[in-house]
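Engineer: Output the structure for:
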Amino acid sequence: MNNNRKSFRVFAFLLVLFLAASGFLQANEIKLGLHGGLSIPNIKGNTEQSKGFSSRLGPNFGLFAELIVSNHFSLVMDVDYASQGGKRNGLQPITNLPPDLQLPPDMTLYANFHNETILDYIEIPLVARLSYGRQLRVFVNAGPYIGFLVRAKTITSGTSTVYVDPAGTQPLLLPPDYQPLMLSFDATTSIREDVRSTNLGITGGGGVLYPLGSGSLILETHFSFGLSNVQRNVETGGKNLTGAVVITVGYALPI
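Structural biologist: Below is the predicted model:
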């Protein structure tokens with residue numbers, strides 16, 4: 001609850017800051033636009049269950065408003081659908097064991113399978129933008145963002161022997177026949193209850209703007225880095241941070 005209140009205060013602050021700027025900074029122009037492209041996210045963790053993830057691919061698209069303050073300075077606020085998460089292949093800890101498997105509570109098992117974690121957010125960044133040039137304008141921008149979770153799930157696949165050691169040399173043998181246990185990992189599992197509903201972070205990047213018709217064509221690359229631990233339970237889930245590189249193409253019109 002405290003985390004949600006803090007996040008909504010941050011969101012309110014960003015919105016008030018943007019609206020106040022539009023009233024007090026004597027904007028020369030306001031532009032509205034849309035953009036879309038590719039997100040290349042990853043997860044960074046500090047526990048055995050969350051280490052070893054690599055980047056996955058996902059969508060990133062949304063709307064934005066740009067407040068032009070001067071020829072070189074503007075403020076931009078987005079409302080984006082941003083896909084976060086990561087994927088992991090090979091030998092790794094099993095997080096969802098069959099409920100009928102009777103094991104010691106502190107025992108970790110391992111198997112060889114594919115695991116993709118998908119965390120999708122509505123992200124609202126507010127960035128300051130510096131731009132230079134005449135026809136072709138080059139810009140850089142940076143600022144904070146807040147994300148509101150809309151989807152959290154894992155997609156696993158593969159069939160593997162279950163091991164009791166991280167090296168995969170000791171199969172789990174169960175009575176009465178003491179044969180190695182084999183499990184199928186073909187499943188889609190919601191993990192929304194395990195993930196915090198909001199995520200705070202910073203974003204920054206750059207790109208180019210080119211006049212096209214009545215507006216501007218925008219090609220942008222930026223990074224996002226989450227500063228909040230996305231796990232609700234640190235003791236079982238550890239500390240996990242989101243991050244992504246995003247490439248988008250957009251178009252903006254003055255109003």
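
Engineer: Before we move on, what's the pLDDT of Ala12?
Structural biologist: On pLDDT, Ala12 comes in at 57.

Engineer: which residue ranges form the strands in the stretch 1-150 of the chain?
Structural biologist: Secondary structure of the stretch 1-150 of the chain (DSSP state E, counting those that start in this stretch): strands at 29-45, 58-68, 73-93, 110-132, 137-157.

Engineer: mind checking which of those is nearest Pro175?
Structural biologist: Nearest to Pro175 among the strands of the stretch 1-150 of the chain is strand 110-132 (19.9 Å), distances taken as Cβ to Cβ. Every C-beta, even on glycine, is put in place using the N, C-alpha and C of the backbone.

Engineer: What is that closest one packed up against?
Structural biologist: For strand 110-132, the packing partners by 3 or more Cβ pairs under 8 Å, 6 or more residues apart in numbering; DSSP states H and E come out as helix 2-24, strand 29-45, strand 58-68, strand 73-93, strand 137-157, strand 159-161, strand 198-212.

Engineer: just those: most buried one?
Structural biologist: strand 73-93 (a mean of 21; mean count of other Cβ atoms under 10 Å).

Engineer: With just CA atoms, put that one into CSV.
Structural biologist: Once non-C-alpha atoms are left out, strand 73-93 reads as follows in CSV (Å, rounded to 0.1, in the frame of the first residue of the first chain):
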residue,chain,number,x,y,z
PHE,A,73,14.5,23.1,-25.3
SER,A,74,11.2,21.2,-24.8
LEU,A,75,9.4,18.9,-22.3
VAL,A,76,7.8,15.7,-23.5
MET,A,77,5.3,13.5,-21.7
ASP,A,78,4.4,10.0,-23.0
VAL,A,79,1.7,7.4,-22.3
ASP,A,80,3.2,4.2,-23.6
TYR,A,81,2.4,0.5,-23.6
ALA,A,82,5.9,-0.9,-22.7
SER,A,83,6.8,-4.5,-22.6
GLN,A,84,9.5,-5.5,-20.0
GLY,A,85,10.8,-8.9,-18.9
GLY,A,86,13.4,-11.4,-20.0
LYS,A,87,14.0,-15.0,-21.1
ARG,A,88,16.2,-17.8,-19.8
ASN,A,89,17.1,-21.1,-21.5
GLY,A,90,18.9,-24.2,-20.2
LEU,A,91,19.4,-25.5,-16.7
GLN,A,92,17.7,-23.3,-14.1
PRO,A,93,15.8,-23.4,-10.8
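
Engineer: shaky segments in the stretch 101-250 of the chain?
Structural biologist: Applying pLDDT under 70 to the stretch 101-250 of the chain flags residues 235-238.

Engineer: ok, back up a step: the helices and strands packed on strand 110-132 into JSON lines, with extra columns for distance to Glu116?
Structural biologist: Listed next are the helices and strands packed on strand 110-132 as JSON lines, based on distance: least, Cβ to Cβ, whole Å:
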{"stretch": "helix 2-24", "distance to Glu116": "26"}
{"stretch": "strand 29-45", "distance to Glu116": "11"}
{"stretch": "strand 58-68", "distance to Glu116": "10"}
{"stretch": "strand 73-93", "distance to Glu116": "4"}
{"stretch": "strand 137-157", "distance to Glu116": "5"}
{"stretch": "strand 159-161", "distance to Glu116": "16"}
{"stretch": "strand 198-212", "distance to Glu116": "19"}
